[in-house]
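Trainee: Build me a model:
(one chain, ligands or ions: 1)
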Amino acid sequence: MPNAHCPLNKNMLTEYSEYLIHRQWMTHALEFAQAAGNAGEVPVGAVVIDSFGNLIAGGENRKERDKDPTAHAEIIAIRSAAKILQSWRLNECTLYVTLEPCPMCAGAIVQARLGLLVYGVDDPKTGSIRTVANIPDSAASNHRLRVIAGVQESNSRQQLQGWFANRRSSKI
Ligand code: ZN
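Mentor: Here you go, the predicted model:
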């Protein structure tokens, strides 16, 4: 059974060029996250890339602004991608998100049959890909999800930590 957390069976040069592509798309996800942070939301951003390598959807955390507990970056990006592709099945697509998805988003990622999930930093509080729980590999999942973790990890972590540090200091 393939290990879901490793890119497999490629020569190192291909792996490196794929890594650069993952970094590049994660930069876009970080920009969405920054926009959320600037608007007073916890900075989390996501983008969806189609099988041709085109960015087809993006999302940023909008929970506070929309007063919507489901308005996480991943949900917004998945909904938008499904609408554009006119299909709920996103098995040809890759989702990039700056923070490890929560249980709700991990569930939506499985429901959408996403081809590949790439995320930035582990979430020790609600991370449901591997840190607190592993929804994609659980008995509740009917989809074997490929996952690459730790792309732009330090940038993703710094963005979140900086945002929380700012918020704490502005409350004093
Ligand atoms: Zn979520």
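Trainee: what does this protein put close to the ion?
Mentor: His72, Cys102, Met104, Cys105 (CB under 5 Å from the ion). In this view, the C-beta of every residue, glycine as well, is placed from N, C-alpha and C.
Trainee: Just give me the longest helix of the protein.
Mentor: If you go by DSSP state H, the chain has its longest helix at helix 12-38.
Trainee: list the helices and strands the following helix or strand past that one packs on?
Mentor: Proceeding N to C from helix 12-38, the next assigned helix or strand is strand 45-49, under DSSP states H and E. Secondary-structure packing of strand 45-49 (3 or more CB pairs under 8 Å, 6 or more residues apart in numbering; DSSP states H and E): helix 12-38, strand 55-60, helix 73-85, strand 94-99.
Trainee: and those, which is most packed in?
Mentor: Of the helices and strands packed on strand 45-49, the one with the most neighbours on average (mean count of other CB atoms under 10 Å) is strand 94-99, at a mean of 28.
Trainee: pull the CA atoms of that strand into PDB?
Mentor: Taking C-alpha atoms only, strand 94-99 is exported to PDB below (Å, rounded to 0.1, in the frame of the first residue of the first chain):
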ATOM      1  CA  THR A  94      -4.600  19.500  -6.500                       C
ATOM      2  CA  LEU A  95      -5.600  21.500  -3.400                       C
ATOM      3  CA  TYR A  96      -2.900  23.600  -1.800                       C
ATOM      4  CA  VAL A  97      -3.600  25.000   1.700                       C
ATOM      5  CA  THR A  98      -1.300  26.800   4.100                       C
ATOM      6  CA  LEU A  99      -2.400  24.900   7.200                       C
END
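Trainee: could you check the angle strand 45-49 makes with the helix or strand following it?
Mentor: Using DSSP H and E, the next helix or strand after strand 94-99 towards the C-terminus is helix 103-111. If you take axes from the mean of the first three to the mean of the last three CA atoms, to 10 degrees, helix 103-111 sits at 0 degrees to strand 45-49.
Trainee: From the rest of the structure, what touches the helix or strand just after helix 103-111?
Mentor: The helix or strand immediately downstream of helix 103-111 is strand 116-121, counting by DSSP H and E. Contact with strand 116-121 is made by 22, 25-26, 29-30, 93-101, 109, 129, 136, 145-153, 155-157, 160, as judged by CB atoms under 8 Å, 6 or more residues apart in numbering.
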